[in-house]
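1. model this:
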Amino acid sequence: MNIFHLINIITAYKPNKYSKLLKEGTKEAHDLIEQHPFFRDLLNGTLPDVKYAYYLANILPIYELVEQEFLSNVTDKSVLQSTKIKKDLENYSNLLNRKIDNSTYNYSFAWVMYFKQKSRTYKKAELYVRWLADMYGGQVLKKKVKYGEKYKFKNLRKNIKFIRKMIEEDLNDDTIQKFIEEVNIVYKLHNFTISHIYQYVE
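-> Presented below is the predicted three-dimensional model:
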């Protein structure tokens, strides 16, 4: 990633007071994910393809649910991550000569069930954790994986603003603390999923 592209991402939006509180209140959980051996190995280029492929298979249902809830009518289809994940999974299935889905290793069931029972406002915690991760850190990760359609966006700056706006429109004095709690729970569910994939998938 060149310096101009990086600056373009960083300046894609101006944080408001609630987004600043959100970042501060979820930093510890975010950092735990970044420091997890799964992502350390991924960044080092030592994570086996099969583990990354099953990771994609496990998070796909979450992306599909979020898109059904919030993104079913978008005009910019590049924010529909599930389509890109499916393409990556197809490529990994061909590479590994095995069908990759979550029927063999399913570690995101609790995550899916938790999402379904939340109110609409707090379901947006997934947009914060997953979509923004793809748009920011994903721009580094896409260079570390064999197939990285998931991290490709037609207009990254515009997409960041769009997702940020969706998240921030529900943040106010009454919702911010609960939203922070929900983001931290999503990070924990994500951590559970990658921990089991890292340990058990072969």
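
2. Run through the residues that contact the residue sitting nearest the centre point of the chain.
-> Against the mean C-alpha coordinate of the chain, by C-alpha atoms, centre = their mean, the closest residue is residue 130 at 2.1 Å. Residue 130 sits next to 59, 62, 63, 66, 81 when contact means C-beta atoms under 8 Å, 6 or more residues apart in numbering. C-beta coordinates here come from the backbone N, C-alpha and C atoms, glycine included.

3. do the same with residue 124
-> Applying C-beta under 8 Å, 6+ apart, the residues near residue 124 are 70, 166, 167, 170, 179.

4. quick one: which of these has the most company?
-> Comparing these on neighbour count, residue 179 comes out first with 24 neighbours (neighbours: other C-beta atoms under 10 Å).

5. any idea which element that residue lies in?
-> helix 176-200 (DSSP states H and E).

6. which strands and helices sit next to that helix?
-> helix 17-25, helix 27-34, helix 37-44, helix 49-70, helix 109-116, helix 120-123, helix 125-126 (3 or more C-beta pairs under 8 Å, 6 or more residues apart in numbering; DSSP states H and E).

7. Distance-wise, check residue 32 relative to residue 50.
-> 24 Å (C-beta to C-beta, to the nearest Å).

8. Looking at the two, which is more packed in?
-> Using other C-beta under 10 Å, the more surrounded residue of residue 32 and residue 50 is residue 50, with 17 against 14.

9. Surely the more buried one and residue 198 touch.
-> No: using C-beta atoms under 8 Å, residue 50 makes no contact with residue 198, being 11.4 Å away.

10. what does stretch 55-66 contact?
-> 38, 81-82, 85-86, 88-89, 92, 100-102, 105-108, 111-112, 115-116, 123, 126-127, 130-131, 150, 190, 193-194, 197.

11. So, low pLDDT: which residues of this structure?
-> Low-confidence regions of the chain, defined by pLDDT under 70, span residues 1-15.

12. Need the phi and psi values for residue 80.
-> Residue 80 adopts backbone torsions of phi -80, psi 90, taken as degrees, to the nearest 10.

13. contacting residues around it?
-> By C-beta under 8 Å, 6+ apart, the contact set of residue 80 is 67, 71, 74.

14. Equivalent analysis for residue 135, please.
-> Residue 135 neighbours (C-beta under 8 Å, 6+ apart): 9, 153, 156, 159, 160, 163.

15. I'm done for today, thanks for sticking with me.
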